[in-house]
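>>> Return a 3D structure for these sequence lines:
(one chain, ligands or ions: 2)
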Amino acid sequence: MKILLIGSGGREHAIAWKLKQSAEPVTLFIAPGNAGMSALGRCVDIAVDNIDGLVRFASDNAIDLTVVGPELPLVLGVVDAFEAKGLKIIGPNRYAAQFEGSKDFTKAFLMRHNIPTAAYDTFTTLDEAIAALDRFGFPVVVKADGLAAGKGVIIAQNHEEAEKAVREMMADKVFGEAGSRIVLEAFLTGIEASILCFVDGKTILPMSPAQDYKRAFDDDKGLNTGGMGTYSPSRVIDDAMMKRIDDELLQPFLKGIQAEEITFKGVLFVGVMIKGDDIKVLEYNVRLGDPETEVTLPRMENDLVEIFEAMLEERLSEITLTWRPENAVCVILASGGYPEKYAKGYPITGLEDALKTPGLVDVFHCGTKQSGEAVLTNGGRVLGVTALGKTIDEARQNAYAATEKIRFEGAFFRKDIGIVRGH
Ligand code: AMP
Ligand code: GLY
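Numbers count the residues shown, from 1 in each chain. Ligands and ions are numbered 1, 2, ... in the order given. Presented below is the predicted three-dimensional model:
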């Protein structure tokens, strides 16, 4: 079976790693891929937003199935473009991708279907947004409506910070058109969890929940990032909580899309905020999480190709997900300066040594580039080191033993991934 995988990060490396374990032999093409993935498939130099180029490649090479990693091509309508040519592809179409591509679309949907979420309002003019700021109290959350590469959410502590954020988004257009509409939202406290679900429109099938460490530094200090590490299974969500999440958040989503005749085949990532008995949806994403995928797929026993085929044929109800009993921990090695400015192009050493660490699953490449024999840093998040262990402490030890063998100029990582203290 010929599969085209779109993306170039740690999430896609973990998807590639899992696809290669399918019962059916898989020939993999990855657009554009990275240095780590080239061992698993052929990297083809097509950017994730080059929708025409991706369609052409899939038609010319008789690709049987395309899997989309990141949100950008989904929001740009890659699924619609493939389906128009009769090509099979996994992911929500352009309309459904608004669950990630527009905060206002999602908030209005949550309200229509009585799914618990933070109070909010949407604004299209600067004056109205500024006039409304004090209504929410502080901190207030200021969100650019559209995609902003994970940077469009500002938690403003006071009126001054909030006004600055609103002006930057709406007047200075720091996120381009994504900020021409903004959402103001009440600030929620609690513990966040990532619930990744396979969805085929008839069934919503949650995976074993993962915990993501979003802040840059230990003890949740520093700026928000795409995620500095993860562990699975979650110790915040027990079976009783998972049942409530299913009843109160996931099934209402499914009923909502059915009632509105929204076609959704792909992965729904539900960001949940939990505080005591209170559970609320923070956000939806329309793809697997990164680095949630790097701890989720290594624990999943099912065949991923079988799941994707079931999803396309609306047979997800026939699938029961099963999970390895071990704990998984993923530690992200990042470039000095991330999530703000950082340099690229530093050689990475110690990878082969790290791969020999007991308990290691793999060193997933997030932002790397091959240059002759050398592997160079090529992003803010560079590598995701995933290990398994019978206990979470053992998984932590294995992951850190491997992480410490890897070196590059300016590298940093959190030391507390897998430590549970109400992060
Ligand atoms: P979003 O892009 O909507 O997922 O927001 C990114 C991150 O901002 C979330 O993962 C949370 O950590 C934080 N966040 C978003 N909305 C809120 C909120 N209403 N209250 C507190 N934190 C929030
Ligand atoms: N780790 C959070 C995300 O993938 O959006």
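
>>> From now on I want contacts and neighbour counts done on CA atoms only, so please keep to that.
OK.

>>> can you pull the contacts of the residue nearest to the spatial centre of the chain?
The centre of the chain sits closest to residue 289, judged by CA atoms, centre = their mean, with a distance of 2.1 Å. Contact analysis of residue 289 by CA atoms under 8 Å, 6 or more residues apart in numbering lists 11, 194, 196, 269.

>>> Provide the contact partners of stretch 9-24 at residue level.
1, 5-6, 26, 28, 33-34, 36-37, 40-41, 69, 288-294, 297-298, 303-305, 364-367, 383-384.

>>> For ChimeraX, what selects the buried ones among these?
Buried residues among the contacts of stretch 9-24 (16 or more other CA atoms under 10 Å), as a ChimeraX selection:
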select :5,6,26,28,33,34,36,37,40,41,69,288,289,290,291,292,293,294,297,298,303,304,305,364,365,366,367,383,384
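
>>> and the spatially closest residue to residue 208 that is not a sequence neighbour, what is it in contact with?
Nearest residue to residue 208, sequence neighbours excluded (CA to CA, 6 or more residues apart in numbering): residue 233, at 6.1 Å. Residues counted as contacts of residue 233 (CA under 8 Å, 6+ apart) are 208, 209, 210, 211, 327, 328.

>>> in stretch 317-325, what counts as buried?
Under 16+ other CA under 10 Å, the buried positions of stretch 317-325 are residue 323.

>>> go on, stretch 395-413?
So for stretch 395-413, counting by 16+ other CA under 10 Å, buried means 395-403, 406-408, 411-413.

>>> hang on, the earlier thing: in helices, which of the contacts of residue 289 appear?
Using DSSP state H, residue 11 are the members of the contacts of residue 289 that sit in helices.

>>> Show me which of the contacts of residue 289 are buried.
Looks like the contacts of residue 289 have 11, 194, 196, 269 buried, using 16+ other CA under 10 Å.

>>> partners of the last one in the sheet?
Put plainly, it is residue 269. Per DSSP bridges, the residues bridged to residue 269 are residue 196, residue 285.

>>> residues touching it, list them.
Contacts of residue 269 by CA under 8 Å, 6+ apart are 194, 195, 196, 197, 284, 285, 286, 287, 288, 289.

>>> Looking at these, spot the one nearest ligand 2.
Closest approach between the contacts of residue 269 and ligand 2, by CA to the nearest ligand atom: residue 289, at 3.3 Å.

>>> quick check, nearest of the buried ones among the contacts of residue 289 to residue 257?
For the buried ones among the contacts of residue 289, the residue nearest residue 257 by CA to CA is residue 269; the value is 14.9 Å.

>>> Next, the residue of the stretch 101-250 of the chain found nearest ligand 2: secondary structure please.
In the stretch 101-250 of the chain, no residue comes nearer to ligand 2 than residue 227, which is 4.7 Å away by CA to the nearest ligand atom. Classification of residue 227 by DSSP: H, G, I helix; E, B strand; the rest coil places it in coil.

>>> Settle this for me: it is touching residue 217, isn't it.
No. Assessed by CA atoms under 8 Å, residue 227 is found out of contact with residue 217, at 10.6 Å.

>>> Contact residues of the stretch 251-400 of the chain facing ligand 2?
289, 290, 291, 292 (CA under 6 Å from any ligand atom).

>>> Now pLDDT and secondary structure too, for these, in CSV please.
Below are these laid out as CSV (pLDDT from 0 to 100; DSSP: H, G, I helix; E, B strand; the rest coil):
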residue, pLDDT, secondary structure
289, 96, coil
290, 96, coil
291, 97, coil
292, 97, coil
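
>>> Between which two of those is the distance greatest?
289 and 291 (5.8 Å).

>>> one step back: looking at neighbours, which among the contacts of residue 233 is most surrounded?
Highest neighbour count within the contacts of residue 233: residue 328, with 35 neighbours (other CA atoms under 10 Å).

>>> how far away is it from ligand 2?
Relative to ligand 2, residue 328 is positioned 15 Å away (CA to the nearest ligand atom, to the nearest Å).

>>> so who does that residue touch?
231-233, 295-296, 298-299, 386-389, 392, 395-396.

>>> Let's have these in JSON lines, adding pLDDT.
Output for the contacts of residue 328, formatted as JSON lines (pLDDT from 0 to 100):
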{"residue": "231", "pLDDT": "97"}
{"residue": "232", "pLDDT": "96"}
{"residue": "233", "pLDDT": "95"}
{"residue": "295", "pLDDT": "98"}
{"residue": "296", "pLDDT": "98"}
{"residue": "298", "pLDDT": "98"}
{"residue": "299", "pLDDT": "98"}
{"residue": "386", "pLDDT": "98"}
{"residue": "387", "pLDDT": "98"}
{"residue": "388", "pLDDT": "98"}
{"residue": "389", "pLDDT": "98"}
{"residue": "392", "pLDDT": "96"}
{"residue": "395", "pLDDT": "98"}
{"residue": "396", "pLDDT": "97"}
